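> Next comes the sequence, and after it the predicted model I'd like to discuss.
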Amino acid sequence: MPPMGMPGMSGSSIPNNEKRILGAIFPLNGYGYFLKITDTIDRIEKARGPFETIVAQFTADPETSAPNFPLPEGWSMQPGDSIADAKVAISIADGEKPVMMTVTKLAASTDPADWPTYLREQFNRWRGQLQLAPQSIEELMKQLVEVPRAGSSIPAYVFDQNGAASPAPSLSKASDPASAATTNSSEPNVPANSPMPSDSSRNTATTRPELKYDLPDGWELLPPQNAFRIATLRIKSSGGEGEVAISQAVDSPLENCKMWSQQILKTDDATVIDTYAEKAVATAEMIPSGDREAKLYTIRLENDPEAVGLLIAAIPAKNSQAPVFVKLKSSNRIADEQKPNLLRFVKSLREE
């Protein structure tokens, strides 16, 4: 669920055989923090030097989440966006576009016993963005670089790996093919002085699924919106509009619901987020989707019909590696009106 995805360069801007991700994950202030650079192999190499020092010294204001660390020469802090708390522009050469690093936080357990699973899910999501097959935590740990952090019993883990951009998926209505979305993007493994794995040693992940479906009245397929989605649908009704996003991500119900809850509640209070997430997991409905059963999660402020809320169907994987998520975002009033259509849409989805 990012993602469950993180911001960065579009996959279409990076040659397929030259995509590289350099990133780190570590706990801080009750969250999992993600520092991530997605770019070409050579451009990241020019920015690679101080990365582990920055990871070791990184702090963030517990109230504002504003990041704080010594900026090397040529590095400049930039504003964040709806996903990233901040971005850092890294100058690598005169007249050349800077390399961008994103700083993002997601809900995460503070129990060290939970971190192996958390790391496996997050790093395999990054591996998927490089068209690499998922690995066990034991395999991942052989490649990750541990960076100790003052005051934390859990070190930071640095991921540095080459791969390829994902091929464009397709989504079609009934039997009519239709282009749906661009490749997954932006948004780890060997030390800087170690050789990168050869092409022959890389694993190849399966491509995104081709989906067929029955489109409800008032729903329309939009042109590709961003690199993280398989498709985006717009809902138009007499009562207003809504959006349906179709994507793939790791199926981690509680962590996904924490992320979705944070998006809707607009709070960093871990207690509030955890309460909503646990409720969403406990009250999830089982719904049909083709020949499988999906789960429908509800994230909303119950007492405000005009507040923005989410209905998310998580559909188990069939031929592809990751589950498909269908997320309806709208006011609670529109969500109640469109829920029957969402259920029919999810039921009609076929993965081919």
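Happy to help now that I have it.
> what sits against the nearest residue in space to Gly309 that is not next to it in sequence?
Once flanking residues are discounted, Gly309 sits nearest to Arg300: 3.2 Å by Cβ to Cβ, 6 or more residues apart in numbering. Bear in mind the C-beta positions are built from the backbone N, C-alpha and C, glycine included. Applying Cβ atoms under 8 Å, 6 or more residues apart in numbering to Arg300 gives the contacts Ile264, Ala307, Gly309, Leu310, Asn332, Ala335.
> tell me the phi and psi of the closest residue in space to the second one that isn't next to it in sequence?
The reference is to Ala307. The shortest distance from Ala307 to any non-neighbouring residue, by Cβ to Cβ, 6+ apart, is to Leu301 (4.4 Å). The phi and psi values for Leu301, taken as degrees, to the nearest 10, are phi -90, psi 110.
> same check, this time on the one 5 residues further on
Glu306 has phi and psi values of phi -100, psi -10 when expressed as degrees, to the nearest 10.
> What of Ile41?
Dihedral pair for Ile41: phi -60, psi -50, per degrees, to the nearest 10.
> Run through the bridge partners of the nearest residue to it once chain neighbours are set aside.
Of all residues not flanking Ile41 in the chain, Arg20 sits nearest, at 4.7 Å (Cβ to Cβ, 6+ apart). Beta-bridge partners for Arg20, by DSSP bridges, are Asp39, Asn162.
> what's near enough to touch Arg20?
Taking Cβ under 8 Å, 6+ apart, one finds Thr38, Asp39, Thr40, Ile41, Ile44, Asp160, Gln161, Asn162, Gly163 in contact with Arg20.
> do you know how far it is from Lys36?
Distance of Arg20 to Lys36, computed by Cβ to Cβ, to the nearest Å: 11 Å.
> Which residue ranges of the stretch 151-300 of the chain form helices?
253-265, 270-282 (DSSP state H, counting those that start in this stretch).
> and among those, the most buried is which?
helix 253-265 (a mean of 21; mean count of other Cβ atoms under 10 Å).
> Other residues contacting that helix?
Residues outside helix 253-265 that contact it (Cβ under 8 Å, 6+ apart): 1-4, 106-108, 118, 121, 249, 268, 272-274, 276-278, 280-281, 284, 295, 297, 299-301, 307-310, 312, 314.
> Okay, and which of these map to strands?
Members of those lying in strands (criterion: DSSP state E): Leu106, Ala107, Lys295, Tyr297, Ile299, Val308, Gly309, Leu310, Ile312, Ala314.
> Next secondary structure element downstream of the one helix or strand Lys327 maps to?
Taking DSSP states H and E as the definition, Lys327 sits inside strand 324-331. Per DSSP H and E, strand 324-331 leads on to helix 332-348 as the next helix or strand towards the C-terminus.
> now that next one against strand 308-315, angle please.
Orientation check (axes from the mean of the first three to the mean of the last three Cα atoms, to 10 degrees): helix 332-348 against strand 308-315 gives 10 degrees.
> quick one: average confidence on helix 332-348?
The pLDDT scores in helix 332-348 average 94.
> helices or strands up against it?
strand 231-237, strand 240-248, strand 285-289, strand 292-299, strand 308-315, strand 324-331 (3 or more Cβ pairs under 8 Å, 6 or more residues apart in numbering; DSSP states H and E).
> Give me the angle between that helix and strand 240-248.
40 degrees.
> Output the lowest mean pLDDT helix or strand found in this structure.
The least trusted helix or strand in the chain, going by mean pLDDT, DSSP states H and E, turns out to be strand 170-173, with a mean of 42.
> rewinding a little: could you check the pLDDT of the residue nearest to Gly309?
90.
> for it, phi and psi?
phi -160, psi 160.
> distance of the residue in the chain sticking out farthest from the centre from Lys347?
Most distant from the centre of the chain: Ser238, at 32.7 Å, with distances by Cα atoms, centre = their mean. To Lys347, Ser238 is 24 Å away according to Cβ to Cβ.
> now swap in Gly80 and tell me
For Gly80, the distance to Lys347 equals 38 Å [Cβ to Cβ].
> and if you look at Gln338?
14 Å.
> Stretch 30-47: end-to-end distance?
For stretch 30-47, the first-to-last residue distance is 29 Å (Cα to Cα, to the nearest Å).
> Name the residues of that stretch that are buried.
Buried residues in stretch 30-47, counted by 16 or more other Cβ atoms under 10 Å: 30-40, 43-47.
> same deal with stretch 130-148?
Going by 16+ other Cβ under 10 Å, stretch 130-148 has these buried residues: Leu130, Gln131, Leu132, Pro134, Gln135, Ile137, Leu140, Gln143, Leu144, Val145, Val147.
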